[in-house]
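Colleague: with the input below, show me the fold.
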Amino acid sequence: MAAVGLLLAGCNPGGEGIRKEGSASHTPVPRGAVTSAPAPTSGTHYKKVNAVKLLTADPKVGADVKRAVAKPCAADEYPIEVTYASLTGNKAPDVIVNVMTCADSVGLGAYVYRERAGARNGYDNVYANEQPSVYAGVSKGELEVSKQTYAAADKVCCPSGEDVMTYHWANDHFTEYDRYHTDYSKTTVGGTPDHDATTGADPDTTTDPTTETADGTTAPEG
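Modeller: The predicted model follows:
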C-alpha cells in the first residue's frame with residue numbers, strides 16, 4: 001500500500017482505472033475487503049498531487065497528522081499513500097490520501113480530495129477520518145474504509161478484528177450505506193492455538209474467524 005520523490009508509484013491487483021502511489025514503508029494490509037487496483041491505461045489521465053502540501057494547508061486535517069507529514073521518515077519517503085480513482089463522478093479522478101506512522105505504518109488519517117476550480121490548492125476535502133488504524137481504499141467504485149480494532153492486550157502488529165464501512169457519493173457528500181465487522185482468528189497459521197511461553201497456558205480465544213453484520217457500534221480499541 002506506496003508516492004514519487006515525495007510519491008513512489010505502485011500498484012496492486014483489483015478493479016480498473018485506479019492509480020495508487022505511496023510511501024516506501026510496508027503498510028499493514030487490512031484483512032477485510034478494502035482493495036486497490038492497477039495503474040490506469042495510457043488513456044486514463046490524472047494529475048499528480050503534492051499530498052504533503054494538500055494536507056498541511058487543509059484546516060480539516062488534525063495537528064497529529066500534520067506533525068506526521070512535517071518531515072519524511074527517511075530520505076524522501078513520507079508516510080503517505082495516494083490513490084487516484086473515480087468516486088464522486090467528477091471529470092477528474094478523486095484523490096484518496098492515507099497517512100501512517102513512520103515506525104509501525106499504522107493509519108493516522110484517511111482523506112478524499114475532489115478537484116474543484118477555486119478551491120484551496122485546487123481540491124476540496126470531501127471526506128476525513130482520523131480514527132486510529134484507519135485506511136481508505138476503493139471497492140467496486142465506492143469508497144471503502146477499514147479500521148482495525150484492538151483489545152486491551154493486543155500488540156500493534158496483532159489486532160483482534162476489523163470494521164469495514166462502505167460509502168456512496170450522492171448530493172455532494174459521502175453517506176455510509178454498508179458496514180461489517182470481522183473478528184480475527186487467534187490461532188496460528190498451522191492451526192495450533194497460540195501458546196504462552198511463560199506459563200504454558202493457551203490464550204482464552206482460539207476460535208475461527210467470525211464475520212457478522214455490525215449494529216453500528218465500534219469494537220473497543222487498545
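
Colleague: show me the shaky parts of this protein.
Modeller: Applying pLDDT under 70 to the chain picks out residues 1-44, 188-222.

Colleague: let me see the ranges of the strands in it.
Modeller: Remark: strands assigned in the chain by DSSP state E are 8-10, 19-22, 80-85, 94-100, 107-115, 123-129, 134-139, 142-149, 161-170, 173-183, 210-213.

Colleague: mind listing the strands the third one pairs with, and their directions?
Modeller: The sheet places strand 80-85 alongside strand 19-22 (antiparallel), strand 94-100 (antiparallel), with pairing taken from DSSP bridges.

Colleague: buried residues, that strand. List them.
Modeller: Counting neighbours by 16 or more other CB atoms under 10 Å, one finds that the buried residues in strand 80-85 are 80-85. Heads up, the C-betas are built off the backbone N, CA and C, glycines and all.

Colleague: before we move on, back to that, want to throw the strands of the chain into TSV with distance to H45?
Modeller: Compiled in TSV, the strands of the chain are given as follows (distance: least, CB to CB, whole Å):
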stretch	distance to H45
strand 8-10	15
strand 19-22	10
strand 80-85	10
strand 94-100	14
strand 107-115	12
strand 123-129	16
strand 134-139	18
strand 142-149	21
strand 161-170	20
strand 173-183	24
strand 210-213	38
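
Colleague: closest one to P59 among those?
Modeller: strand 123-129 (8.6 Å; CB to CB).

Colleague: how about the CA coordinates for that closest one, as PDB?
Modeller: Extracted C-alpha coordinates of strand 123-129, given in PDB (Å, rounded to 0.1, in the frame of the first residue of the first chain):
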ATOM      1  CA  TYR A 123      -9.200  20.500  -4.200                       C
ATOM      2  CA  ASP A 124     -12.000  20.200  -1.600                       C
ATOM      3  CA  ASN A 125     -11.700  17.800   1.300                       C
ATOM      4  CA  VAL A 126     -14.900  15.800   1.000                       C
ATOM      5  CA  TYR A 127     -14.000  13.000   3.500                       C
ATOM      6  CA  ALA A 128     -11.800  12.900   6.500                       C
ATOM      7  CA  ASN A 129     -11.400  10.200   9.100                       C
END
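
Colleague: tell me which strands it pairs with, and in which orientation.
Modeller: Partners of strand 123-129 in its sheet, by DSSP bridges: strand 107-115 (antiparallel).

Colleague: one step back: tell me which of the buried residues of strand 80-85 is nearest to A136?
Modeller: The closest of the buried residues of strand 80-85, once distances to A136 are taken by CB to CB, is T83, at 8.0 Å.

Colleague: I'd say that closest one and V138 touch.
Modeller: Yes - counting by CB atoms under 8 Å, T83 touches V138, with 6.6 Å between them.

Colleague: pull the number of nearby residues for the nearest residue to T56 once chain neighbours are set aside.
Modeller: Ranked by CB to CB, 6 or more residues apart in numbering and with sequence neighbours excluded, the top spatial neighbour of T56 is K66, at 5.6 Å. As a burial measure, K66 scores 16 neighbours (other CB atoms under 10 Å).

Colleague: and K66, how far is that from L143?
Modeller: K66 sits 23 Å away from L143, going by CB to CB, to the nearest Å.
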